[in-house]
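Trainee: coordinates for the following, if possible.
(3 chains)
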Amino acid sequence: MGLRFRPVDATFYDLFTQSANHLVRGAELLAQMLSEGADHAAVATEMREAEHAADETTHEIVRRVNSTFITPFDREDIYSLASGLDDVMDRMDEVVDMILLYEVQVLPTELSDQVEVLQRCAELTAASMPNLRSMKSLEEFWIEINRLENAGDKNHRRILANLFSGEHKTIEVLKLKDIVEGLENSIDAFEKVATIVEQIAVKES
Amino acid sequence: MGLRFRPVDATFYDLFTQSANHLVRGAELLAQMLSEGADHAAVATEMREAEHAADETTHEIVRRVNSTFITPFDREDIYSLASGLDDVMDRMDEVVDMILLYEVQVLPTELSDQVEVLQRCAELTAASMPNLRSMKSLEEFWIEINRLENAGDKNHRRILANLFSGEHKTIEVLKLKDIVEGLENSIDAFEKVATIVEQIAVKES
Amino acid sequence: MGLRFRPVDATFYDLFTQSANHLVRGAELLAQMLSEGADHAAVATEMREAEHAADETTHEIVRRVNSTFITPFDREDIYSLASGLDDVMDRMDEVVDMILLYEVQVLPTELSDQVEVLQRCAELTAASMPNLRSMKSLEEFWIEINRLENAGDKNHRRILANLFSGEHKTIEVLKLKDIVEGLENSIDAFEKVATIVEQIAVKES
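Mentor: Numbers count the residues shown, from 1 in each chain, chains lettered A, B, ... in the order given. A predicted model of the protein is given here:
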């Protein structure tokens, strides 16, 4: 009987799930921010709170890594995953911030395609974090995130081409380009999380 | 009697202090660059020299890590801190460069708020490097840098909102946005240094 | 007789050479993209294929690191070098993409200076990868890449200054600035590869 027993601090899985749930909330707020007639200032305030809550979860993970003797996987991988998740939140928060600060009134409707990609990525990530315990079904996760990232990349290229098609004023192009790139950076940040999960799974399997 | 004796190459502390002193000089030159009637070309030349001097200190640290058997803390942490400090210089140098290359004549006065934050960060960092030896008073350092970074972030948001308020020509917005973001990146780079110091202190304590 | 015998998986050298050869191809396509009368859509398609081929080589290296017991140098250094090379390709691909998506018709001729720098960097990198086996002649490589990066930096500054000289429409400045920065990022990515090679050589010597 080949027992492979390794006592671990189970709460790491809970904390990663918590961290990913903050991203679900963040993506939702981003969708609200882009919806017609949104109260930009109010949504931005909520986003800021969500970002602070995410920060706290990240700090809790880091504190626990530093104070726990046995960790479920390599300390460095825990750091990477925690900061990878945190980075997604920062990127989405940046987009919300830009919409507020640039006082963009009319956002191209096609931006919502990117926010849908982000919401799907967030849900998948939150659903996958508990699977780190069994290391099962993780492959489906990173394959699907990669597929979504490819779809996001196609949207991004289409949106950029439209942006430069000549129908927008230059100052609006300047603003919108930042926002469009911010959305793409957020999707890329999810892909990085998926890559970290892949690396952990390959190492631990 | 619980002796904890560990012979170390003391000069690492001196080199880190030297590295941070280059940042004090860099922040000062940045302040000069932003002052009214500054000779942009002349200040940029001085900044370039300061940046080269900082590079040399960084290389000296890296050489010493590679040739020293016992280091005061983890080799990787020494690399991180050295490159973190170096990165601040590069960011400030970039801002000076942009002001020169974009031929910006009139800079919004509120940019000086950010440069004050940078000067304060540089002084604090230089004053804290010798404390790496005793690992004392470092917590005050990173708490204060975080406070400054928050203040810088508030300035940044206000400056950006003004930039897009409609009073600047689009080409000027394009130039100034880069400069404003460069200042924020410089402040963020100081925050990264503080985080590295925090991690070293937590590990070594 | 001082034997220093260490059985290694030789194919890592071949894979790094393969990876660098993709960069030679990428730099060539970038040169085509910038040449007068180029079919932007067609060249971009070829670039996309070259980028996919480069990705496959990177994945092959990562797979091999994960499945090989003895590696020619530290696992982490193999990852760094592989992702450093991959990053160059991504940067050059981005430039090609921007030229296509922004529908830039007239590119300043001075951009070709930067592409020449990139082509030279790619050739040098491809020629140096086999030297990782003997760890010989690598110093010449990183010194020459650094020299090229300095030349590229001078070009970059000159190009930027011209861009903001007032002869371009603002919307064109917005587009061209991204492209110009993309070229610089590509050159910087080559410099990062050279730095990784330097660190490996110092460690292993």
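Trainee: what sits closest to the residue positioned nearest the centre of chain A if chain neighbours are left out?
Mentor: Centroid-nearest residue in chain A, with Cα atoms, centre = their mean: A:V88, separated by 3.4 Å. Nearest residue to A:V88 in three dimensions, chain neighbours excluded: A:A189, at 4.2 Å (Cβ to Cβ, 6 or more residues apart in numbering or on different chains). The C-beta positions use only the backbone N, C-alpha and C, and glycine is treated the same way.
Trainee: for the one you found, the count of nearby residues, please.
Mentor: When neighbours are counted by other Cβ atoms under 10 Å in any protein chain shown, A:A189 registers 21.
Trainee: ok, it - contacts?
Mentor: Contacts for A:A189 (Cβ atoms under 8 Å, 6 or more residues apart in numbering or on different chains) come out as A:G84, A:D87, A:V88, A:R91.
Trainee: so the third one is in contact with A:F190, correct?
Mentor: Yes - proximity of A:V88 to A:F190 meets the contact threshold set by Cβ atoms under 8 Å, at 5.7 Å.
Trainee: which neighbours do these two share?
Mentor: A:A122.
Trainee: list the buried ones in stretch A:71-90?
Mentor: Neighbour-count burial for stretch A:71-90, counted by 16 or more other Cβ atoms under 10 Å in any protein chain shown, picks out A:72-73, A:77-90.
Trainee: which of these lies closest to B:K175?
Mentor: A:D90 (26.0 Å; Cβ to Cβ).
Trainee: whichever helix or strand that closest one is part of versus helix C:75-101: what angle between them?
Mentor: Assessed by DSSP states H and E, A:D90 sits inside helix A:75-101. With axes from the mean of the first three to the mean of the last three Cα atoms, to 10 degrees defining the directions, helix A:75-101 sits at 20 degrees from helix C:75-101.
Trainee: is whichever helix or strand comes after helix A:75-101 anywhere near chain C?
Mentor: Counting by DSSP H and E, the next helix or strand C-terminal to helix A:75-101 is helix A:111-128. No - contact of helix A:111-128 with chain C (Cβ under 8 Å from any Cβ of the partner chain) is absent, the minimum separation being 15.3 Å.
Trainee: show me what helix A:111-128 is packed against.
Mentor: helix A:11-34, helix A:75-101, helix A:138-163, helix A:170-204 (3 or more Cβ pairs under 8 Å, 6 or more residues apart in numbering or on different chains; DSSP states H and E).
Trainee: now those as a markdown table including mean pLDDT?
Mentor: Converted to a markdown table, those look like this (pLDDT from 0 to 100):
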| stretch | mean pLDDT |
| --- | --- |
| helix A:11-34 | 96 |
| helix A:75-101 | 95 |
| helix A:138-163 | 94 |
| helix A:170-204 | 94 |
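Trainee: turn those into TSV, columns for distance to C:A53.
Mentor: Formatted as TSV, the helices and strands packed on helix A:111-128 follow (distance: least, Cβ to Cβ, whole Å):
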stretch	distance to C:A53
helix A:11-34	33
helix A:75-101	27
helix A:138-163	17
helix A:170-204	19
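Trainee: near the closest residue to A:F141 other than its chain neighbours, how many other residues are there?
Mentor: What sits nearest to A:F141 in space, not counting adjacent residues and going by Cβ to Cβ, 6+ apart, is A:S128, at 4.1 Å. Using other Cβ under 10 Å, A:S128 is surrounded by 22 other residues.
Trainee: one more: A:A50?
Mentor: Neighbours of A:A50 using other Cβ under 10 Å come to 23.
Trainee: from chain C, how far off is it?
Mentor: 31 Å (Cβ to the nearest Cβ, to the nearest Å).
Trainee: sorry, back to before: among the contacts of A:A189, which one lies nearest to B:F16?
Mentor: Of the contacts of A:A189, the one sitting nearest to B:F16 (Cβ to Cβ) turns out to be A:D87, at 27.2 Å.
Trainee: and the closest one, what does it touch?
Mentor: A:A189, A:K192.
Trainee: of the contacts of A:A189, closest to A:S35?
Mentor: Distances from A:S35 to the contacts of A:A189, taken as Cβ to Cβ, are shortest for A:R91 (19.5 Å).
Trainee: what residues does chain A have near chain B?
Mentor: Checking chain A against chain B by Cβ under 8 Å from any Cβ, the hits are A:N66, A:D97, A:L101, A:Y102, A:E103, A:T170, A:I171, A:L174, A:K175.
Trainee: would you turn these into JSON lines with neighbour count?
Mentor: What follows is the residues of chain A next to chain B, written out as JSON lines (neighbours: other Cβ atoms under 10 Å in any protein chain shown):
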{"residue": "A:N66", "neighbour count": "12"}
{"residue": "A:D97", "neighbour count": "21"}
{"residue": "A:L101", "neighbour count": "21"}
{"residue": "A:Y102", "neighbour count": "20"}
{"residue": "A:E103", "neighbour count": "12"}
{"residue": "A:T170", "neighbour count": "17"}
{"residue": "A:I171", "neighbour count": "19"}
{"residue": "A:L174", "neighbour count": "19"}
{"residue": "A:K175", "neighbour count": "22"}
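Trainee: list the contacts for A:K177?
Mentor: A:K177 touches A:L160, A:L163, C:L174, counting by Cβ under 8 Å, 6+ apart.
Trainee: and A:D153, by the same measure?
Mentor: For A:D153, the contacting residues are A:E184, A:I187, by Cβ under 8 Å, 6+ apart.
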